[in-house]
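Asker: dropping a prediction and its sequence here:
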Amino acid sequence: MAVQKPFFPLLFKCLLTTCYLLVQCFGSSNAVGGVGQGKLGKWQLLLNNTGVVAMHMALTLQNTVLIFDQTSSGPSGYTLHRSSDGRRCLGLPRSMTDPDCSAHSVEYHIGRNSVRPLRLQTDTWCSSGSILSDGTLLQTGGYGDGYRRIRYFKPCSDRRCDWNESSDSLMDNRWYASNMLLPENDSTIVMGGLRTYTYEFIPKRSSSGRSFYLPFLHQTNDRDQHGNNLYPFLHLSADGNLFIFANRDSILFNYKNNTVLKTFPRIPGSGSRNYPSSGSSVILPLDYTNRYQKVEVMVCGGSTTGAYRAARRRNFLTGLSSCGRMVITGKIHRWKMEEMPGPRLLNDMLILPTGQILIINGAKEGSAGWNNAASPSLQPYLYEPTKPSGKRFSVLSSTNIPRMYHSSAILLPDGRVLVAGSNPNNRPQNVSVQYAKHGLNVVPYNEDFTVTFFLGRRPNNLVEFNVYSPPFATHAFSMNQRMLKLRSTGLVRENNGWFSAVVKAPPTPTVAPSGYYMLTVLNGGIPSTSTWVNFIHT
């Protein structure tokens, strides 16, 4: 039985990521069919200072963005009325120097182009996160008093919500760890960290709540290079197992019984891909045409062998320009290598509503760490996975603001990309966009639901429906990022330019873990403003 959902407007328009990227620009008068006016892009500065460096960012279902730094970074741009222990701050001289009197997190309201300060109680420096099925951000680990802390932020419409610290704790220190939301309802795995070769679950899976040793994390550690396996790349395969990539190696892992199922070939070439070498990775869009069973990962960029120690001596080695793609399902596994237009590390990789991959931010030389990189990468790259090899990359317009260590990038519901942060540059900026009113639509797995949209004229022969899981972004990796191309049938023209289509929800939480996704309609490759849809367990 089809589940009728409220309509959302799809006035196909010029989709410029003001401040960040113009992916495609079509005038509204020629939105259906035709040829784009170019893909070079446009940048626009809107907020000169958010007050907090965007070491971490996450989009909420309220169309706001959480931005937060480390609490040990000193005073920020916002003074709290009182410190975490209740001492008065506002209006007193100590508020200018006491970091406990500063807000180290803000919530950015996209439509209003404004921020409000939030209170973090423990240090989130180089922490990790994932978004739960009700839209709550689960946030884990950090530094010092934050090593084993668990935090939650539940977004609200009245702008009164704030960070909450859990009374539960992690079993091990988690500094530079990664999170992955699992198919089991609201279960998250937290993996790795500096000199931490274990993983654990939230909520705990037994009364003992123990962590589990994973030799792979120990084996991939470069002791003299600060790890090179931190913030491991985690991707959930369609069979319910975890793909784990660290340093140069990767495995398929059954987290339910602590078993390595496959050891994949080492990615070709020298150098490393994980922090502090800091390349990036995505899982390419999953497609209904093969029942979501072909799972392919992509890894791009990173640092040359020895780059971290060399950078500490102010010798900045050229980064890696290679990307590797590998299908992790099936029986044959081989890395297919490609060259980016230039070397890149500290780069973010985002899946755009069109299924293209945006490679943005970063540097050309050095490694991660304070002042460890040089030669900022100012031009984003656009990668089109379905084009022939050798024709997949294009270079977009350059920014004049370097985005290197401790910068982040996330996709917004209207297709624009928000970029902020960079250390030691204390000048984070954000993008201003306007949204149509969204509906919070609930759809059970494997059921049909109806999407109604306005087009105004005859649609292109190719109308697609994609859903995107908003990630937690930090340190060149977007945790839990995922896109699915959904099956649709029965496109029907309604009245006055409105259309409806029956769309099939993902079959299981193994393919798409439960939670909120951004649903986008594409007309001949032109994406709409997204609306939220919630896939749930029944």
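Answerer: Ah, there it is.
Asker: make it CA atoms for all contacts and neighbour counts henceforth
Answerer: Will do.
Asker: which stretches of this structure have low pLDDT?
Answerer: Scanning the chain for pLDDT under 70 picks out 1-41, 44, 46, 83-86, 90-99, 423-440, 456-458.
Asker: nearest residue to the middle of it?
Answerer: Ser478 (2.8 Å; CA atoms, centre = their mean).
Asker: where along the stretch 251-400 of the chain do the helices fall?
Answerer: 307-312 (DSSP state H, counting those that start in this stretch).
Asker: show me what Val327 bridges to in the sheet.
Answerer: Glu296 (DSSP bridges).
Asker: rewinding a little: what helix or strand is the residue nearest to the centre of the chain on?
Answerer: For Ser478, the host element (DSSP states H and E) is strand 477-479.
Asker: do a quick rundown of the helices in the chain.
Answerer: Applying DSSP state H to the chain gives helices spanning 215-219, 307-312.
Asker: just give the number of residues close to Thr452.
Answerer: For Thr452, the count of nearby residues is 22 (other CA atoms under 10 Å).
Asker: Asp186 touches Ser130, doesn't it?
Answerer: No - using CA atoms under 8 Å as the test, Asp186 is too far from Ser130 to be in contact (9.8 Å).
Asker: which of those two has more residues huddled nearby?
Answerer: A side-by-side neighbour count of Asp186 and Ser130, using other CA under 10 Å, places Ser130 first with 28 against 18.
Asker: rewinding a little: export the helices of the chain to a markdown table and append columns for distance to Gly355 and mean neighbour count.
Answerer: Below are the helices of the chain laid out as a markdown table (distance: least, CA to CA, whole Å; neighbours: other CA atoms under 10 Å):
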| stretch | distance to Gly355 | mean neighbour count |
| --- | --- | --- |
| helix 215-219 | 31 | 17 |
| helix 307-312 | 33 | 21 |
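Asker: what about the strands in the stretch 401-538 of the chain?
Answerer: Ranges of strands within the stretch 401-538 of the chain are 407-411, 417-421, 441-444, 448-454, 463-469, 472-474, 477-479, 482-486, 488-493, 498-504, 515-523, 526-527, 531-536, based on DSSP state E, counting those that start in this stretch.
Asker: quick one: closest of these to Met191.
Answerer: Counting by CA to CA, Met191 lies closest to strand 477-479 out of the strands of the stretch 401-538 of the chain; the figure is 11.7 Å.
Asker: packing partners for the closest one?
Answerer: Applying 3 or more CA pairs under 8 Å, 6 or more residues apart in numbering; DSSP states H and E, one finds that strand 477-479 contacts strand 178-181, strand 233-236, strand 280-283, strand 348-351, strand 472-474.
Asker: partners of it, with directions?
Answerer: strand 472-474 (antiparallel).
Asker: and the partner strand, how far out from the chain middle?
Answerer: 5 Å (CA atoms, centre = their mean, to the nearest Å).
Asker: can you put the strands of the stretch 401-538 of the chain in JSON lines and add distance to Ser211?
Answerer: JSON lines is the format used below for the strands of the stretch 401-538 of the chain (distance: least, CA to CA, whole Å):
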{"stretch": "strand 407-411", "distance to Ser211": "29"}
{"stretch": "strand 417-421", "distance to Ser211": "33"}
{"stretch": "strand 441-444", "distance to Ser211": "33"}
{"stretch": "strand 448-454", "distance to Ser211": "40"}
{"stretch": "strand 463-469", "distance to Ser211": "27"}
{"stretch": "strand 472-474", "distance to Ser211": "23"}
{"stretch": "strand 477-479", "distance to Ser211": "20"}
{"stretch": "strand 482-486", "distance to Ser211": "26"}
{"stretch": "strand 488-493", "distance to Ser211": "43"}
{"stretch": "strand 498-504", "distance to Ser211": "38"}
{"stretch": "strand 515-523", "distance to Ser211": "26"}
{"stretch": "strand 526-527", "distance to Ser211": "43"}
{"stretch": "strand 531-536", "distance to Ser211": "28"}
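Asker: and those strands: which comes nearest Ser280?
Answerer: Closest to Ser280 of the strands of the stretch 401-538 of the chain is strand 477-479 (CA to CA; 5.5 Å).
Asker: buried ones in stretch 175-190, by neighbour count?
Answerer: 175-183, 186-190 (16 or more other CA atoms under 10 Å).
Asker: an error on my part: the question was meant for stretch 451-464.
Answerer: Those would be Val451, Thr452, Phe453, Phe454, Leu455, Gly456, Pro459, Val463, Glu464, for stretch 451-464 by 16+ other CA under 10 Å.
Asker: next one: stretch 381-399
Answerer: By 16+ other CA under 10 Å, the buried positions in stretch 381-399 come out as Tyr381, Leu382, Tyr383, Glu384, Pro385, Arg392, Phe393, Val395, Leu396, Ser397, Ser398, Thr399.
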